[in-house]
Structures are given as C-alpha cells and as structure tokens.
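> how would this look folded up:
(one chain, ligands or ions: 2)
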Amino acid sequence: MKTDRTQVGIVGAGPAGLMLAHLLRLEGIESVVLETRSREYVEHRVRAGVLEQGTVDLMNETGLGDRLRREGLVHRGIEIRWDGRAKRIPLSDLAGGRAITIYGQQEVVKDLIAARLAGDGPIHFEVGSVALSGIDTNAPIVRYRHEGTDRELRCDVIAGCDGFHGVSREAIPATGRTEFHHEYPFAWLGILAAVPPSTEELIYAHHERGFALHSLRSPEVSRLYIQVDPDEDIERWPDARIWDELRIRLGLEGWHLNDGPVIEKGIAAMRSFVVEPMQHGRLFLAGDAAHIVPATGAKGLNLAVADVRVLARALAAWYATGDAGRLDRYTAECLRRVWRAQDFSATMSAMLHAYPGHDEFTQRRQRAQLDYLATSEAAARSLAENYVGLPFD
Ligand code: FAD
Ligand code: PHB
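Ligands and ions are numbered 1, 2, ... in the order given. Prediction:
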C-alpha cells in the first residue's frame with residue numbers, strides 16, 4: 001500500500017471535480033483528482049452544451065476562456081414552437097443583457113484537463129476500487145487502486161464530484177442524509193449530427209407526439225433531441241426514423257430541417273434528485289453527486305460549476321483563517337440555487353413534454369402556459385431570467 005497526502009482529495013474528473021481543482025490551485029491549495037474512466041473517455045463524452053453567463057464569466061476570470069471566446073457561440077434568444085406557432089424569447093433583452101454560450105461540455109472538460117496538466121497538478125485516470133473512509137474525522141482517506149498498486153490518499157477534506165452513480169454520496173450514513181427523487185415518464189434520445197444547424201438559435205418544440213429540441217455545437221455540427229419512453233430501446237430508432245420524427249415535431253411552415261450523418265446517439269433518463277445536506281463531516285458533495293435536474297432547463301453542468309465555486313471560496317477562507325463558517329454554510333448556499341433550478345427545470349419539462357395517456361386537461365394547461373409565454377412579457381422575462389442563470393452573489 002502506497003500512501004500520499006494532499007489537502008483536498010477530489011473524486012471524479014467531470015466538470016465539478018476539474019473546475020474545483022482549477023479554482024483551488026488559483027488559491028494555492030493542493031489537490032489530487034481521481035477518475036475511474038480514461039482521459040480519452042471523459043474528453044469525448046457528449047453531454048451538455050449550454051453555458052450560463054455565470055459559468056462563462058468564471059471560465060474567463062480564471063484564465064480558461066481562450067478557446068471558449070474563439071469557438072463558443074453566444075446566443076441571445078431561444079425559440080419555442082407549438083401548434084404550428086413559433087415564439088422567440090429574447091433572453092438578453094429580458095435578462096439585463098445576459099446571454100448563454102453554446103460550448104460542448106467535453107470542450108470545457110478538455111480545457112480544464114489541459115489547465116490541470118499545464119499546472120503539474122496530479123490527476124489519475126483509470127483508478128479502481130475507490131472507497132472513502134474517516135469522513136467523520138479530521139483526516140479522511142480515499143483508498144483506490146492505480147496501475148496495479150493499492151494506494152491511499154490522506155486528505156484534510158474530500159470533495160465527492162463523482163456524478164450521480166459515484167461512491168461518495170453512499171459514504172454518508174443513510175441516517176445522515178435525506179434524498180428527494182422524482183422520475184419523469186419520458187427520456188431523451190439525443191443525436192450529434194455532422195450537418196449545419198437548420199437554425200441560428202435553439203428551438204424547443206412541444207408536439208402531441210412528444211417534445212423535440214434543436215440545438216447545435218458549431219456551424220457544422222447539430223445536436224438534436226426527441227422525447228421517447230423511459231424504457232425505449234435505441235435499436236428501434238434507425239437514423240431515418242429519428243430524422244422523420246424530428247421533421248414532424250419541429251415542423252413549421254416554410255422551415256426546412258437539414259439532415260445528415262449521425263455521429264453519436266444515446267438515450268438519457270430524465271430525473272430530479274437532491275440529497276440534503278451536501279456535506280457530512282469532512283466530505284463535501286458537488287454537482288451530479290448531490291443533485292440531478294431534467295435536461296430541459298440546461299442547468300446540470302452550470303449547477304456543478306456553481307457548487308464548486310462556493311466550495312473553493314469556503315475552503316480558501318478556512319485555510320487562510322481557520323474559520324469554518326463558510327464551509328458550514330456550503331449546503332445552504334448551494335441548495336438555494338439547486339432548488340430554484342429544480343423548479344425551473346421541472347416547470348419547463350412539464351410545459352413542453354407530451355404526457356402518456358394524452359390527458360386533455362394537461363394538454364389544455366400546457367397550451368395556456370405556452371400562450372401566456374407568447375403574450376406576456378412578465379412570463380417571458382421569468383423564463384429568460386432563469387434560463388440565462390441567476391447571478392452569483
Ligand atoms: P459528471 O460529469 O458525471 O462527472 C463525474 C465524474 O466522476 C465522471 O467522469 C465519472 O466517470 C467519475 N466517477 C464516477 N464514479 C467514480 C468513482 N467511484 N471514482 C472516481 N471517479 C468516478 N447540463 C447543462 O448545464 N446544460 C445542458 O445543456 C445539459 N444537457 C445535458 C444533456 C444530456 C444528454 C445529459 C446526459 C446531461 C446534460 N446536462 C446538461 C447535465 C450535465 O451533463 C451534468 O450535470 C454534468 O456532467 C455534471 O457534472 P459533474 O462533474 O457533477 O458530474
Ligand atoms: C444541448 O445542446 O445539448 C442542450 C441544449 C439545451 C438543453 C439541453 C441540452 O435544454
């Protein structure tokens with residue numbers, strides 16, 4: 001057994017873990033990042049694409065903005081379609097000039113890994129048998145296996161950034177946490193396609209056959225989603241069927257959907273989940289390890305970044321002064337934003353998806369909501385303010 005020591009042991013090299021490592025380094029705090037997957041795998045995992053203004057600002061302020069400024073696509077509005085109608089929500093006009101930026105999560109991850117390696121910060125990929133212990137003591141330990149050797153990492157604090165299926169959350173005794181779960185009766189089938197986007201701004205479509213979303217990654221690459229059943233088998237969706245369905249659900253008179261080669265496709269569950277508190281002793285959970293939102297609000301990655309921003313500042317204050325006040329407030333500070341995002345994501349999901357059984361009452365309510373959004377500036381402003389993301393305090 002080999003033993004190493006660091007200040008903060010970070011479990012997981014997704015956006016949460018990598019951004020935390022980056023922010024801590026800027027504060028002069030050491031960390032070690034442990035990741036079960038390979039570098040190649042995490043750098044190519046296709047997921048989110050919408051960065052809130054606050055996420056972009058943080059990347060710029062911390063020296064990660066070079067490629068983002070060159071390649072990121074700033075969007076100042078989104079379009080909503082339903083019943084053959086289209087309504088543009090002018091996000092920036094309604095939300096004090098704030099905007100969203102389209103930049104793939106895997107690009108954020110690549111930039112963060114490059115920064116980590118350039119700063120000589122330890123990051124170990126393809127680790128196994130990760131286990132946390134001593135989180136109730138002042139000297140918690142992460143045990144893991146790497147390159148055929150059993151190792152232990154002795155830390156002051158552990159950051160559990162290992163996503164929804166990670167091991168960190170389970171290290172908190174069941175009596176020490178409350179979990180809130182909500183499952184939705186639908187999932188998303190997503191594709192990445194080598195075809196120029198058929199739209200300049202994102203299109204969210206409500207259709208009786210199910211929700212559809214036209215997003216993008218670059219002037220050459222489109223990202224599209226359709227609502228499917230939660231237990232849907234991807235084998236039943238050859239590319240031609242996906243394009244046919246997208247054409248129907250996104251359809252608008254005089255508008256044409258370009259199709260092309262599908263580079264990647266997969267099905268993602270829609271769920272809401274929160275664990276409270278987000279801390280136990282010397283273990284702090286961040287990102288998907290602590291909460292999941294349905295993708296309709298495009299909030300998951302942004303929440304992960306917001307959590308570690310709070311955590312990095314709290315750790316910096318603690319190391320500088322010994323005052324644990326901010327660390328003690330970590331859960332409360334994060335949960336305020338998390339529950340706002342839960343509500344927004346659930347509301348967007350309920351407004352835009354088709355519910356099984358096609359209940360007429362629900363359909364009428366959805367149309368009333370969409371009509372309100374199209375005709376009331378107050379309704380559109382509320383959506384815009386939430387979509388671009390709440391400012392940091
Ligand atoms: P993750 O990205 O899941 O990273 C956790 C890491 O921990 C992984 O690399 C994992 O391999 C590793 N790990 C797991 N177990 C262990 C272990 N035991 N030891 C060590 N490492 C471990 N969010 C948005 O904001 N906007 C969007 O537009 C958006 N769209 C999405 C679309 C889809 C299809 C999906 C699936 C998600 C989307 N999200 C979106 C959500 C977003 O991708 C997640 O919220 C985000 O990845 C959370 O980052 P994280 O670092 O907390 O977790
Ligand atoms: C994406 O581009 O992947 C994306 C955009 C908006 C969402 C979810 C995902 O709500």
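> residues of the stretch 251-393 of the chain that sit close to ligand 1?
Applying C-beta under 6 Å from any ligand atom, we find that the stretch 251-393 of the chain lies next to ligand 1 at 268, 287-288, 295, 298-302, 304. Every C-beta, even on glycine, is put in place using the N, C-alpha and C of the backbone.
> which among those count as buried?
Buried by 16 or more other C-beta atoms under 10 Å: 287-288, 295, 298-302, 304, out of these.
> those residues in helices, which ones?
Among those, the ones falling in helices (DSSP state H) are 300-302, 304.
> any chance of the residues you listed in TSV, plus distance to residue 281 and pLDDT?
Shown next, in TSV, are these (distance: C-beta to C-beta, whole Å; pLDDT from 0 to 100):
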residue	distance to residue 281	pLDDT
300	26	97
301	27	97
302	28	97
304	22	98
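> which strand or helix spans residue 21?
Secondary structure from DSSP states H and E places residue 21 in helix 15-26.
> name the helices or strands packed onto that helix?
strand 8-11, strand 31-34, helix 105-118, strand 157-160, helix 300-321 (3 or more C-beta pairs under 8 Å, 6 or more residues apart in numbering; DSSP states H and E).
> ok, now with 10 Å
strand 8-11, strand 31-34, helix 39-44, helix 53-61, helix 105-118, strand 123-124, strand 157-160, helix 300-321 (3 or more C-beta pairs under 10 Å, 6 or more residues apart in numbering; DSSP states H and E).
> now that we have these, can you turn them into JSON lines and tack on distance to ligand 2?
Listed next are the helices and strands packed on helix 15-26 as JSON lines, based on distance: least, C-beta to the nearest ligand atom, whole Å:
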{"stretch": "strand 8-11", "distance to ligand 2": "25"}
{"stretch": "strand 31-34", "distance to ligand 2": "25"}
{"stretch": "helix 39-44", "distance to ligand 2": "15"}
{"stretch": "helix 53-61", "distance to ligand 2": "14"}
{"stretch": "helix 105-118", "distance to ligand 2": "8"}
{"stretch": "strand 123-124", "distance to ligand 2": "25"}
{"stretch": "strand 157-160", "distance to ligand 2": "25"}
{"stretch": "helix 300-321", "distance to ligand 2": "9"}
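> out of those, which comes closest to residue 136?
Proximity to residue 136, assessed across the helices and strands packed on helix 15-26 by C-beta to C-beta, is greatest for strand 157-160 (11.6 Å).
> how about the next helix or strand along the chain from that closest one, does it reach ligand 1?
For strand 157-160, the following helix or strand on the C-terminal side (DSSP H and E) is strand 178-193. Yes. Counting by C-beta under 6 Å from any ligand atom, ligand 1 is contacted by strand 178-193 at residue 190.
> next, the buried residues of strand 178-193.
Buried residues in strand 178-193 (16+ other C-beta under 10 Å): 184, 186-193.
> could you do stretch 146-159 as well?
146, 151-153, 155-159.
> is any part of the helix holding residue 21 close to ligand 2?
No. Under the criterion of C-beta under 6 Å from any ligand atom, ligand 2 is not reached by helix 15-26; the shortest gap measures 13.6 Å.
> cheers, nothing more for now.
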